[in-house]
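Student: Model the structure of this input:
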Amino acid sequence: MTSSTSLRELPWATEHLGLTLTHVDSAVGLTVPELIEPGLRRNPRRAHLLVSTVLGKHLPTEPGVVISAGNTLGDLVAEVLGSDADPVVLGFAETATGLGHCVAARLHARCYLHSTRRDVPQVVTFAGFEEGHSHATSHQLQPTSAELFANDLPLVLVDDEISTGATAVDAIRALHRHNPRSRYVVASLVDMRTSEHRDAMDVAAAELDVRIDSVSLAQGRTELPDGLVESVTALPDPVLNGVAERAGTVERIDLDWPTTVPDGGRHGFLREDVAAFDHAVGSVAAALGDRLDSRRPVIVVGHEELMYLPLRVAEALSASGHRVRYQTTTRSPAYVLNEAGYPLRRGFRFTAPESGEEQPRFLYNAQWPDEDAVVVVMVDAPADTDRLTSEGGLLDVLTASGTDVVLAVVSGADPARLRAAREGVSS
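Tutor: Next comes the predicted model:
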């Protein structure tokens, strides 16, 4: 940020609390302030939130922008690995499940897997690791078979941002215990590590006797003022779940998905799955597009880790002439403030739709500038419960705010049938 920037142009959290995101370097001409905005959260372990402008999580974003960011990151990985590499890719839940899939697609990766916080009893947990600063710390890896990662191919770990690198190192250690390999690449949209954090990753690489490279669209620094946790705690309680005079409407559409085609990377996505996945995306997008009014803008909202499929559907809707933005719900309880220069202007808190889940979930912004958008909420079968429409559910709080909603339920892959189909191919 240049010295000529006026106070009116500063992000709200920078101007009022001193939380500053500084650009240091970039390999692709993008700056840290272009890629992330400073947000806040009431968390004693970490009171700041880096809100990505290209990820499609907290901010409604053009699907092409999200995919382009993933492609560019994938290209940086390819430059580091070389043309002969045949990598496998791991994306971090929940934020980078879609980004990791974009990188894997760009690399034509042999296998893509993302960590998950949803326990699927039909699938054995292969490994796990912890995320120290997160609101939901435990990551599980649940591929249909551990053999998907049983190789010495380069492993690319993808996250939206690297703050310290500790999560990536913990993941590398956990995976290395199960299946040692010689090379890892940590890829992120922004890398905000200090020199001490980089040294710690180098030490871990030496201990494991492996090579760990890092790539990002931009590198920067997060400057935290003293007392930020206390300052955020002292702010007025955020206003969530606004109520409008007119309640919105709900329309449901059930979208069939082949049971043996993965609907994402939770249980592993193979290079051989690409053609069938692309065909299924086209069918789902066409069926959904037939039910939408092309004159109204659309915000496609994926549910938590279900990011890549809704992103690709949003991309297809855009290609067919709809005005589309894309984002997802989240477990992250961020601070909402309706002030210019602050990225989280509107927020919804709702009951987790999955049975047995007790912690609330969140959706931020979900607005189209100066127009009344239709929000397409896309969920898979485990999230298709009465909790969606009951009091305090996602559809309840959205319609109470005056939002018209289309609930798009994707039947999704069956983990047991997916595993059986893969075992049949390999036998």
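Student: low-confidence ranges in the stretch 301-427 of the chain?
Tutor: The model of the stretch 301-427 of the chain has pLDDT under 70 over residues 425-427.
Student: again, but for the stretch 1-150 of the chain
Tutor: Using pLDDT under 70, the stretch 1-150 of the chain drops low at 1-8, 124-125, 127-137.
Student: Which residue ranges of it form helices?
Tutor: Remark: helices assigned in the stretch 1-150 of the chain by DSSP state H, counting those that start in this stretch are 12-17, 32-35, 63-81, 97-107.
Student: any idea which of these is most buried?
Tutor: Mean neighbour count (mean count of other CB atoms under 10 Å) peaks for helix 97-107 among those, with a mean of 28. Where C-beta positions appear, they are placed from N, C-alpha and C, glycine not excepted.
Student: Give me the helices and strands touching that helix, please.
Tutor: helix 63-81, strand 88-91, strand 111-114, strand 155-162, helix 308-319 (3 or more CB pairs under 8 Å, 6 or more residues apart in numbering; DSSP states H and E).
Student: end-to-end on stretch 316-336?
Tutor: Stretch 316-336 has its terminal residues 31 Å apart, counting by CA to CA, to the nearest Å.
Student: ok, now stretch 253-261?
Tutor: Termini of stretch 253-261 sit 20 Å apart (CA to CA).
Student: Mind putting the helices and strands packed on helix 97-107 into a markdown table with distance to Met192?
Tutor: Listed next are the helices and strands packed on helix 97-107 as a markdown table, based on distance: least, CB to CB, whole Å:
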| stretch | distance to Met192 |
| --- | --- |
| helix 63-81 | 15 |
| strand 88-91 | 19 |
| strand 111-114 | 22 |
| strand 155-162 | 6 |
| helix 308-319 | 24 |
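Student: do you know which of the ones you listed lies nearest Ala352?
Tutor: Of all these, it is helix 308-319 that lies closest to Ala352, at 17.8 Å by CB to CB.
Student: now whatever helix or strand comes next after that closest one, how far from the chain's geometric center?
Tutor: Using DSSP states H and E, the helix or strand that follows helix 308-319 towards the C-terminus is strand 324-328. Chain-centre distance of strand 324-328: 12 Å, with CA atoms, centre = their mean, to the nearest Å.
Student: Now do strand 324-328 against helix 308-319, angle only.
Tutor: Here strand 324-328 runs at an angle of 170 degrees relative to helix 308-319 (axes from the mean of the first three to the mean of the last three CA atoms, to 10 degrees).
Student: so what secondary structure elements neighbour strand 324-328?
Tutor: When contacts are defined as 3+ CB pairs under 8 Å, 6+ apart, strand 324-328 sits against helix 63-81, strand 298-302, helix 308-319.
Student: Quick one: residues in contact with the longest one.
Tutor: Spelled out, it's helix 63-81. With contacts defined as CB atoms under 8 Å, 6 or more residues apart in numbering, helix 63-81 is touched by 27-28, 54-56, 85, 87, 98-99, 101-107, 154, 156, 158, 183, 185, 187-189, 213, 215-217, 300, 311-312, 314-315, 318, 324-326.
Student: relative to helix 63-81, how tilted is the strand or helix carrying Ile212?
Tutor: Using DSSP H and E, Ile212 maps to strand 211-223. Put simply, strand 211-223 runs at 130 degrees to helix 63-81, going by the same axes, to 10 degrees.
Student: Direction included, what does strand 211-223 pair against?
Tutor: Take DSSP bridges as the rule and strand 211-223 pairs in its sheet with strand 20-25 (antiparallel), strand 183-191 (parallel).
Student: so can I have JSON lines of these showing distance to Glu37 and mean neighbour count?
Tutor: What follows is those, written out as JSON lines (distance: least, CB to CB, whole Å; neighbours: other CB atoms under 10 Å):
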{"stretch": "strand 20-25", "distance to Glu37": "8", "mean neighbour count": "16"}
{"stretch": "strand 183-191", "distance to Glu37": "11", "mean neighbour count": "25"}
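Student: Out of the ones you listed, which is closest to Asp380?
Tutor: The closest of the strands paired with strand 211-223 to Asp380 is strand 183-191. By CB to CB, the value is 25.4 Å.
Student: hang on, the earlier thing: average pLDDT for the strand holding Ile212, rounded please.
Tutor: Strand 211-223 carries an average pLDDT of 97.
Student: ditto for stretch 163-175
Tutor: The pLDDT scores in stretch 163-175 average 91.
Student: Show me which residues of that stretch are buried.
Tutor: By 16 or more other CB atoms under 10 Å, the buried positions in stretch 163-175 come out as 163-172, 174-175.
Student: Gln208 touches His176, doesn't it?
Tutor: No Gln there; residue 208 is Leu. Yes: the pair Leu208 / His176 is scored as a contact, 5.6 Å apart, by CB atoms under 8 Å.
Student: quick one: the helices in the stretch 251-400 of the chain?
Tutor: Counting by DSSP H, counting those that start in this stretch, the stretch 251-400 of the chain has helices at residues 274-289, 308-319, 394-400.
Student: Those into JSON lines, with extra columns for mean neighbour count and distance to Asn338?
Tutor: Shown next, in JSON lines, are these (neighbours: other CB atoms under 10 Å; distance: least, CB to CB, whole Å):
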{"stretch": "helix 274-289", "mean neighbour count": "17", "distance to Asn338": "31"}
{"stretch": "helix 308-319", "mean neighbour count": "24", "distance to Asn338": "26"}
{"stretch": "helix 394-400", "mean neighbour count": "22", "distance to Asn338": "17"}
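Student: Show me the one of those helices that comes nearest Thr233.
Tutor: Smallest distance to Thr233 across the helices of the stretch 251-400 of the chain (CB to CB): 24.7 Å, for helix 394-400.
Student: Show me the residue at the heart of the protein, geometrically.
Tutor: Among the residues of the chain, the one closest to the centroid is Thr95, at 2.7 Å (CA atoms, centre = their mean).
Student: Could you measure from the closest residue to that residue other than its chain neighbours over to Thr328?
Tutor: The shortest distance from Thr95 to any non-neighbouring residue, by CB to CB, 6 or more residues apart in numbering, is to Asp160 (4.8 Å). Distance from Asp160 to Thr328, counting by CB to CB, to the nearest Å: 12 Å.
Student: Need the residues touching each of those two.
Tutor: Taking CB under 8 Å, 6+ apart as the criterion, Asp160 and Thr328 both touch Lys57.
Student: which of these two has more neighbours?
Tutor: Neighbours per residue (other CB atoms under 10 Å) separate Asp160 from Thr328, with Thr328 holding more: 26 against 23.
Student: which residues sit in contact with the more buried one?
Tutor: 56-57, 98, 301-304, 306-307, 310.
Student: again, but for Tyr342
Tutor: Counted by CB under 8 Å, 6+ apart, Tyr342 has contacts 11-13, 39.
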